[in-house]
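> Next one to model:
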Amino acid sequence: MNKTFSFVVLCALAIVLLGNAQNTNAATCNVQELLPCATYLSSGAPPSVACCSKLKAQQPCFCTYLKNPSAGQYINSPNAKKIASACGVAFPKC
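Numbers count the residues shown, from 1 in each chain. Here you go, the predicted model:
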């Protein structure tokens, strides 16, 4: 019975820790995180893996960025839409 109790406690602890780990993976909206894509934004060249990775991580923030006059003009540009498409990231409809 002691082994069963220990197993149940261990499982409960694992569930709590995994839940906390998922919460820390939520995107923190910081437009500076998209800097790896800046070169591709101006050149129209295919994006790098680093750019696509940042783009995917920041995807939940796109609508926030679009509302920002400084960032919105870049996020809503034709090249940004091409980069998003090349990275397999859906462009938001805010």
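> helix, strand or coil for the residue nearest to C61 when sequence neighbours are not counted?
Nearest residue to C61 in three dimensions, chain neighbours excluded: C29, at 3.7 Å (C-beta to C-beta, 6 or more residues apart in numbering). In this view, the C-beta of every residue, glycine as well, is placed from N, C-alpha and C. Classification of C29 by DSSP: H, G, I helix; E, B strand; the rest coil places it in coil.
> List the contacts of C29.
Counting by C-beta atoms under 8 Å, 6 or more residues apart in numbering, C29 makes contact with Q58, P60, C61, T64, Y65.
> Over to C52?
The neighbourhood of C52, defined by C-beta under 8 Å, 6+ apart, consists of A86, C87, G88, V89.
> Out of those residues, who's the most crowded?
Tallying neighbours with other C-beta atoms under 10 Å puts C87 at the head of the contacts of C52, with 20 neighbours.
> Spatially, what comes nearest to it if we skip its sequence neighbours?
The shortest distance from C87 to any non-neighbouring residue, by C-beta to C-beta, 6+ apart, is to C52 (3.6 Å).
> isn't G44 right up against S77?
No: G44 is beyond contact range of S77, at 10.1 Å (criterion: C-beta atoms under 8 Å).
> higher neighbour count, the two?
Of the pair G44 and S77, S77 is the one with more neighbours under other C-beta under 10 Å, namely 13 against 10.
> After the helix or strand in which Y40 is found, which helix or strand is next? Please name it.
If you go by DSSP states H and E, Y40 is part of helix 38-43. Sequence order places helix 49-58 as the next helix or strand after helix 38-43, per DSSP H and E.
> thinking in terms of the whole chain, how far from its middle is that following helix?
Per C-alpha atoms, centre = their mean, to the nearest Å, the displacement of helix 49-58 from the mean C-alpha position of its chain is 7 Å.
> ok, now stretch 32-43?
Offset of stretch 32-43 from its chain centre (C-alpha atoms, centre = their mean): 15 Å.
> Identify the residues contacting the closest residue to I83 other than its chain neighbours.
Spatial nearest neighbour of I83, chain neighbours left out: P47 (4.8 Å); criterion: C-beta to C-beta, 6+ apart. Residues in contact with P47 (C-beta under 8 Å, 6+ apart) are C37, Y40, L55, I83, A86, C87.
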